[in-house]
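[1] With the sequence up front, the predicted model follows.
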Amino acid sequence: MNRVFTIIVFIGVPLVLAGSFLHWSSLIMFILCCVSIIGLSAIMGRATESLAIVSGPRIGGLLNATFGNAVELIISIFSLKAGLVGIVLASLTGSVIGNLLLVLGLSFFLGGLKHKRQNFSLVDARYNAGLLVFAIVVAFVIPEIFSQGMGDGGTIKLSVGISVIMIALYLAGLFFKLVTHRGFFAGSDKNDSGESGGSGESVEEEPEWTKGKSILILLLATLAVAFVSENLVHTFEDIGAQFGWSELFIGVIIVAIVGNAAEHASALMMAFKNKMNVSVEIAVGSTLQVAMFVAPALVLVSLMMPEQMPLVFTVPELVAMITAALLTIMISIDGESNWFEGLTLVAAYLIMGIGFYFL
Amino acid sequence: MNRVFTIIVFIGVPLVLAGSFLHWSSLIMFILCCVSIIGLSAIMGRATESLAIVSGPRIGGLLNATFGNAVELIISIFSLKAGLVGIVLASLTGSVIGNLLLVLGLSFFLGGLKHKRQNFSLVDARYNAGLLVFAIVVAFVIPEIFSQGMGDGGTIKLSVGISVIMIALYLAGLFFKLVTHRGFFAGSDKNDSGESGGSGESVEEEPEWTKGKSILILLLATLAVAFVSENLVHTFEDIGAQFGWSELFIGVIIVAIVGNAAEHASALMMAFKNKMNVSVEIAVGSTLQVAMFVAPALVLVSLMMPEQMPLVFTVPELVAMITAALLTIMISIDGESNWFEGLTLVAAYLIMGIGFYFL
Amino acid sequence: MNRVFTIIVFIGVPLVLAGSFLHWSSLIMFILCCVSIIGLSAIMGRATESLAIVSGPRIGGLLNATFGNAVELIISIFSLKAGLVGIVLASLTGSVIGNLLLVLGLSFFLGGLKHKRQNFSLVDARYNAGLLVFAIVVAFVIPEIFSQGMGDGGTIKLSVGISVIMIALYLAGLFFKLVTHRGFFAGSDKNDSGESGGSGESVEEEPEWTKGKSILILLLATLAVAFVSENLVHTFEDIGAQFGWSELFIGVIIVAIVGNAAEHASALMMAFKNKMNVSVEIAVGSTLQVAMFVAPALVLVSLMMPEQMPLVFTVPELVAMITAALLTIMISIDGESNWFEGLTLVAAYLIMGIGFYFL
């Protein structure tokens, strides 16, 4: 399987390069770009996993989230440069609901098929729940509602103010988890069944690549993703017209699935190994990073772009994110999962997918 | 008391039959039909309780919910046939808020007057909470919001897609509770104080009727309900005009109370006996069945009717259901109840009742 | 510090008296009134604390909430008399979000800087969570949504009906906490680390003033607050014009901060002493009192005023209260706090503050 992804990358990326010079049709370029990004994401996932084994589950989860979101951040910056504010907001939405419902849901479901009941850290679950409500229910809803009585200038000022507060709180949260209250989170990791598995399991815990090689591969893959993303963004308009897909559907479903393939793969793998703490950290941690860091950072970056991006989603996008957050919280707050809870999350994703398709 | 209901049925049903041939006034027919349905529901409740004692609290709760909702399903199909889509959606709403706030609230309140603190299964409470959020906050909200940017055709397609997913998840949930994770739910039933009461209590646990007699009575009563319902539906228009009641008020409050009388009675009785697991299963289990099975089934059934029913409630209906679900979850998630929590639920029901009255 | 507040009061109140006769400029009067009210609130806080030590943490919290809200109630009645319905609703909103986010947030934050992890009663946290959802998510949302299809007459009738139910439930809640289920709440107080501190701490538990003196000071201070409030209210229009502040911003942020200074100070002090049960009781208990008693009481009082006040907030006000309630519940439902949870609440307050400023 790993070899397949490597081959995909070594064939796909050069083809994208060729196609961008020879102006191949949008459909071919769209498929090439998507496949290449998924291949690159898989390789980034392997490199991140190697790093994660060295650095423990928490830092590992953070690394996974960061490099998974690096892909998204890059695609988004190129989209902003092309003036596609709508697609950026849509792909942020897609990333949030994709991670919370699809990635976490499939992790719970597939993990639950193998293990009757899986546990993850209650401390983490509560920390995540609090921040999900902060980011999505407070910080995203306020500009949506309040901007209705404002001009464009007020909306941008409000968005910038909120973005600064969100980034500051995100950094404070890292300080809290990794410095002042490290013990509470680390202590709870002891319950992680993967770690308590004894020496017998430590065989499969060997990192595939060394630390140096992992970092080098991550950097190269990130550069390649940036290049492919720029080409991908320029196909959106044609593709939408050809398939009858709205900008919203492309952003929420297609870009989000392609952009999150890496998290997706690692979360599922970890769930299968019954390392639910890592799965949850990848899925929910990635969501929090998108909502509290990537989204506000893009608002600030857009100040230097021709078209500025307010922190104002469309109503369907916002409602999808809020309901996804509430469902995820309700299902994960007890620190336990099973296949049916996973299926419930996936069913919610399908409902939203149908909704965005018909919109 | 039981004799009273039996007499009501044996006098009421023939009178409805007579009235339907002799074209009695709407007011008389409305009262006769309501009283007969309540009587029939009470008999169905006794039959279901006899079955429940034989089959244990979980299957018993499912039986209660199913036969309680059979009444509703029948009334709704006749209403759809009469083209009264608005009343069907209203009575679904009424059933949800009636079960969550009135039935559960009165159970908590009356049970709490006798017992200082009552417990029910935490596993059940969390399972219910997750599905309430799925059904009401996700599956009902998405078509409401997303249909605003769609034509009628798209709305129906979206409704059908969501309905299929809901029914599939509902069946998967039964499989989960009754097959793959039976132990977790059954295990928690051991804490049910009714069962731990020892041999002294087993006297009142004798089923009133045999299994065969119970099933026969259920079938006959269901047929009678169907007949009476058809007559009831045709009085709505006149009654609304006479009392100044809106279609919404009739559907949400009157039809829901009449249609849920059976659940109502059994849930209260069980709460009084401190069998809170059964009470909660009747009230919340019935709500979940209405939301995840009856409502989507009616959407599918309506495809064969002259007027199709989308899964789109009015805004007040949807808001009432969402807030009712959130309040119920918040109050029941700890697996404990007392009289004040019950009163809080009932107060919320009164507020909504006043709202629908003045609407 | 205490001496400073005393001096403020003995200079400020006479100056307000002088200014009201000599018609000083609005700006000077606004500042004098605000400063005097803060000074008076501090003295009321000291008197209440003396009473609280004598009467235990629960009654103490109730006293704190009541006298803190007495200031608000007085300001609001004078505002209603002046026909400023919008400012009253805004200051109720400000009181809710200020208590839930700013007061509780700073308590968690400052307490958390000194103590790594602080605990408070789970029974209280759940009781509060249930009533927050009842009051804000049900009782405030229903009239907002339902009144959109009503005339003014229906809206007032609906508001009055809901207000009566809310006050009745609030009183039932006091009966529940102080009479029928006293043991559960009192029992959980045993875990309050302040009380388990042994005889060493009882030194700082000596009340500053006797019961009689405390009550006398409370009465006199309340009268002074009433007098100053009337003068404050008449400066709002000029101040708003001068600073470019909207009526909404004055009500939600300025009046709420000035009016809640007393709770603010006592809650922080208690958090610092690790008496989190009292802090939470002051902040959340005060919110519940505002939402379930002060607001509906003002609706009823306004029936005798020239302009009647419906229980209908603006959409931004309602959204701010709902999201504040959900965030607070999510963060406090586990009965634990730390500095980061406090910072999250404060960040949410800042976001709302920016929102109301730009509105």
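    Structure received.
[2] for chain C, what are the nearby residues on the stretch 251-359 of chain A?
    A:Ile329 (CB under 8 Å from any CB of the partner chain). The way it works is simple: take the backbone N, C-alpha and C, and place the C-beta from them, glycine included.
[3] all helices for the stretch 251-359 of chain A, in order.
    A:256-259, A:261-272, A:276-289, A:295-301, A:315-332, A:339-358 (DSSP state H, counting those that start in this stretch).
[4] Please see if the last one touches chain B.
    Pointing back at helix A:339-358 there. Yes - using CB under 8 Å from any CB, helix A:339-358 reaches chain B at A:339-341, A:343-344, A:347-348, A:350-352, A:354-356, A:358.
[5] Can you tell me which helices and strands that helix packs against?
    helix A:104-114, helix A:247-249, helix A:315-332, helix B:122-132, helix B:141-146, helix B:152-175 (3 or more CB pairs under 8 Å, 6 or more residues apart in numbering or on different chains; DSSP states H and E).
[6] Same check on the third one?
    In terms of contact count using 3+ CB pairs under 8 Å, 6+ apart, helix A:276-289 is assigned the packing partners helix A:57-81, helix A:85-97, helix A:104-114, helix A:122-132, helix A:152-175, helix A:261-272, helix A:315-332.
[7] Output the ones you listed in TSV, with distance to C:Gly83, mean pLDDT and mean neighbour count appended to each entry.
    Compiled in TSV, those are given as follows (distance: least, CB to CB, whole Å; pLDDT from 0 to 100; neighbours: other CB atoms under 10 Å in any protein chain shown):
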stretch	distance to C:Gly83	mean pLDDT	mean neighbour count
helix A:57-81	48	75	23
helix A:85-97	42	91	27
helix A:104-114	53	93	23
helix A:122-132	41	90	22
helix A:152-175	28	93	18
helix A:261-272	57	79	25
helix A:315-332	35	95	25
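[8] how far out from the middle of the chain is stretch A:283-298?
    8 Å (CA atoms, centre = their mean, to the nearest Å).
[9] now swap in stretch A:241-258 and tell me
    16 Å.
[10] Buried residues in it, which are they?
    Buried residues in stretch A:241-258, counting neighbours by 16 or more other CB atoms under 10 Å in any protein chain shown, are found at A:245-246, A:248-258.
[11] hmm, which two among those residues are most spread apart?
    Pairwise distances across the buried residues of stretch A:241-258 peak at 16.9 Å for A:Ser246 and A:Val258 (criterion: CB to CB).
[12] quick revisit: among the helices and strands packed on helix A:276-289, which is nearest chain B?
    The closest of the helices and strands packed on helix A:276-289 to chain B is helix A:315-332. By CB to the nearest CB, the value is 4.7 Å.
[13] can you tell me if that closest one touches chain B.
    Yes - counting by CB under 8 Å from any CB, chain B has neighbours in helix A:315-332: A:Val315, A:Pro316, A:Val319, A:Ala320, A:Thr323, A:Ala324, A:Leu326, A:Leu327, A:Met330, A:Ile331.
[14] Tell me which other helices or strands the lengthiest helix in chain A touches.
    Identified as the longest helix of chain A according to DSSP state H is helix A:26-55. Packing contacts for helix A:26-55, counted by 3+ CB pairs under 8 Å, 6+ apart, involve helix A:2-22, helix A:57-81, helix A:211-233, helix A:236-243, helix A:256-259, helix A:261-272.
[15] give me that answer again for 10 Å
    In terms of contacts (3 or more CB pairs under 10 Å, 6 or more residues apart in numbering or on different chains; DSSP states H and E), helix A:26-55 is packed against helix A:2-22, helix A:57-81, helix A:211-233, helix A:236-243, helix A:256-259, helix A:261-272, helix A:276-289.
[16] Model confidence for the residue in the stretch 201-350 of chain A positioned nearest to chain B, exactly?
    Taking CB to the nearest CB, chain B has its nearest neighbour within the stretch 201-350 of chain A at A:Phe340, 4.0 Å off. pLDDT recorded at A:Phe340 is 95.
[17] Now it: closest residue in space that isn't a chain neighbour?
    B:Phe176 (4.0 Å; CB to CB, 6 or more residues apart in numbering or on different chains).
[18] With that, I have no additional questions.
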